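Participant: Kindly generate the corresponding structure for this input.
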Amino acid sequence: MKAEDIQRWLVERVAASLELTPADIDVRAPFQHYGLDSMEQLRIIGELETWLRRELEETLLRRYPTIEAVAAFLAKAA
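Facilitator: Numbering: from 1, shown residues only. I've put the predicted structure just below:
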């Protein structure tokens with residue numbers, strides 16, 4: 001899976017969670033900037049696991065604190 005595809009998915013998912021448009025999401029802004037609590041982060045990770053069909057660490061969004069960083073890591077780790 002390409003980083004761009006993962007990034008696009010994450011942007012759409014975060015935007016939907018916050019009732020924003022994808023254009024409102026900055027892929028370089030930390031997840032904390034958007035006020036995503038730990039439960040919402042875990043939901044996103046769970047949905048991302050399903051979409052990617054692979055298990056992910058619960059700490060993923062803390063270790064890689066931006067959409068851009070998560071996408072790059074997951075693309076390389078594939």
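Participant: Please, where are all the helices along the chain?
Facilitator: In the chain, the segments counted as helices under DSSP state H are 3-18, 38-52, 60-63, 67-77.
Participant: For D26, which of the ones you listed is the nearest?
Facilitator: Proximity to D26 (Cβ to Cβ) singles out helix 67-77 among the helices of the chain, at 8.2 Å. Quick note: C-beta positions are derived from backbone N, CA and C, even for glycine.
Participant: Would you mind listing the buried residues in that closest one?
Facilitator: By neighbour count with 16 or more other Cβ atoms under 10 Å, helix 67-77 contains the buried residues I67, E68, A69, V70, A71, L74.
Participant: Which of these sits closest to Q41?
Facilitator: Minimum distance to Q41 across these is 10.7 Å, recorded for V70 (Cβ to Cβ).
Participant: so what's that closest one closest to, chain neighbours aside?
Facilitator: Residue nearest to V70 in three dimensions, not counting chain neighbours: Y64, with 4.4 Å by Cβ to Cβ, 6 or more residues apart in numbering.
Participant: what separates the one you found from A23, distance-wise?
Facilitator: Relative to A23, Y64 is positioned 22 Å away (Cβ to Cβ, to the nearest Å).
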